[in-house]
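Enquirer: got a sequence here, can you model it:
(chains A and B)
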Amino acid sequence: MIRVGVSVGSFVASGGGASFDADAQAFFDRVTTAGGTLSTTEKNATNQLVLDMKSAGIWTPMKAIYPMVGASAAACAQNLKSSSFTGTFSSGWTFASTGVTPNGTSAFLNSGLNASTNLSVTSLSFGGYTSSTANASGDAYHGASPPNYLMQSFKSYNVTEFWRTVGGSIVVSGGTVGMVQANQLGILSKIYTNNTIGGTNAATMVTIPNLNMYIGGINNNGTATFFDNHLISYYYYADGLTDTQASNHYTAVQTFQTTLSRQVP
Amino acid sequence: MIGYILTNEQYTQVQGQYYTEYQFFNCVADINGVWFLFLSDEDKQVVATTEYAWVLDLPEAEYIPLPPPPFPPK
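Expert: This next block holds a predicted model:
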């Protein structure tokens, strides 16, 4: 079958089929080329996510977005934002319509995104979404270190944390199920838990790791450690977000998860 | 947690090797320095079709992890 497409603005209208945003369609094409498949619901949800992020002005700050759709390594490794930073999964992951789950012992995802090269000490944001109520049995983080730190946890020792090189950690007691955004803008570090500011601290971040950021564990100078076991239904890296942008980001992702019936109430 | 046990030679053969375009092996050492490989059910189905299918015939044992390194990492 020959697919006839007509580009209208940033949309691609395909003959007889659904019309998707051009960036969403490019992502779908990358998934297909990689050997993955997406359901109609997953495509519609992802397309709406792109539209909502663009409408809210948070598409441009994004560096990498992993929607974790398609229930396969080929699909979940793809970056929604661009063809850069395609992830690679180690052994030990489970792939499902709800997202991806590392085994907490050896599994991690190498995002290919070097923190020092692609993020700024005065403007960065990263984190993800989990519907898992698991409480990691030990230190369980996502990111990279040392000698500098850039790490985030969902729920480790019953707290949610954002670790950075200067200022130590910002801790949100009780742990979080849902969305976590670890954010640095200027000298202000914040951790957003769902649609609230869970914690704030002023600290001038002078360096960040010259390492690829990992998901499911920490890149400890090339060796993965501090493995997590939370179901991950979304992950991202971006420039620093304002409070409004972080709130809009949460709203867009929550809508996305709701469409996929994998949201946290 | 039960995992496959690897000799040092077997570890060298698989560590970091890709069994699909987007998936690679990662082994971890236990408290005695023995290498373990953990595969999910999805991993096993895929690996069975590759040149690394032999890992599925390796002996299995209970994994006892190393004590966690200092945190934050130094």
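Enquirer: quick one, phi psi at A:Gln78?
Expert: For A:Gln78, the backbone dihedrals (degrees, to the nearest 10) come out as phi -80, psi 140.
Enquirer: that one reaches A:Gly36, doesn't it?
Expert: Yes: using CB atoms under 8 Å, A:Gln78 makes contact with A:Gly36 at a distance of 7.3 Å. In this view, the C-beta of every residue, glycine as well, is placed from N, C-alpha and C.
Enquirer: the two: which is more packed in?
Expert: A:Gln78 (30 against 21; other CB atoms under 10 Å in any protein chain shown).
Enquirer: got the contact list for the residue in chain B positioned nearest to chain A?
Expert: Nearest to chain A in chain B, going by CB to the nearest CB, is B:Asn26, at a distance of 3.6 Å. B:Asn26 makes contact with A:Ser90, A:Ser91, A:Gly92, A:Ser106, A:Ala107, A:Phe108, A:Ala224, B:Gln15, B:Gly16 under the criterion CB atoms under 8 Å, 6 or more residues apart in numbering or on different chains.
Enquirer: can you list the strands that the longest strand that chain B contains pairs with?
Expert: Longest strand in chain B by number of residues (criterion: DSSP state E): strand B:2-6. Based on DSSP bridges, the pairing partners of strand B:2-6 within the sheet are strand B:35-37 (antiparallel), strand B:60-62 (antiparallel).
Enquirer: quick one: average pLDDT of the helix or strand just after the first one?
Expert: Read that as strand B:35-37. Sequence order places helix B:41-47 as the next helix or strand after strand B:35-37, per DSSP states H and E. For helix B:41-47, mean pLDDT is 97.
Enquirer: just to revisit the earlier point, what about the residue of chain B closest to chain A, distance to A:Pro102?
Expert: 11 Å (CB to CB, to the nearest Å).
Enquirer: give me the common contacts of these two.
Expert: Residues within reach of B:Asn26 and of A:Pro102 at once, by CB under 8 Å, 6+ apart, are A:Gly92, A:Phe108.
Enquirer: and chain B, which of its residues are near chain A?
Expert: Within chain B, the positions near chain A by CB under 8 Å from any CB of the partner chain are B:1, B:3, B:18-28, B:36-43, B:63, B:65, B:68-69, B:71-74.
Enquirer: give me the residue ranges of the stretch 101-250 of chain A where confidence is low.
Expert: Scanning the stretch 101-250 of chain A for pLDDT under 70 picks out the ranges A:135-138, A:156-157, A:175.
Enquirer: which residues of it lie near chain B?
Expert: A:103, A:105-108, A:138-139, A:145-147, A:149, A:151, A:163, A:218, A:220, A:224-226.
Enquirer: quick one: residues contacting residue 63.
Expert: Defaulting to chain A. With CB under 8 Å, 6+ apart, A:Lys63 has these contacts: A:Lys81, A:Phe85, A:Leu113, A:Asn118, A:Leu119, A:Tyr236, A:Tyr237, A:Ala238, A:Asp239.
Enquirer: the chain in question should be chain B.
Expert: A:Thr105, B:Met1, B:Ile2, B:Gly3, B:Val28, B:Asp30, B:Phe36, B:Phe38.
Enquirer: identify the bridge partners of the closest residue to the residue of chain B closest to chain A other than its chain neighbours.
Expert: Leaving aside its chain neighbours, B:Asn26 sits nearest to A:Ser90 (3.6 Å; criterion: CB to CB, 6 or more residues apart in numbering or on different chains). Beta bridges link A:Ser90 to B:Phe24 when assigned by DSSP bridges.
Enquirer: sec struct for A:His54, please.
Expert: Check again: residue A:54 is Lys, not His. Assigned with DSSP: H, G, I helix; E, B strand; the rest coil, A:Lys54 falls in the helix class.
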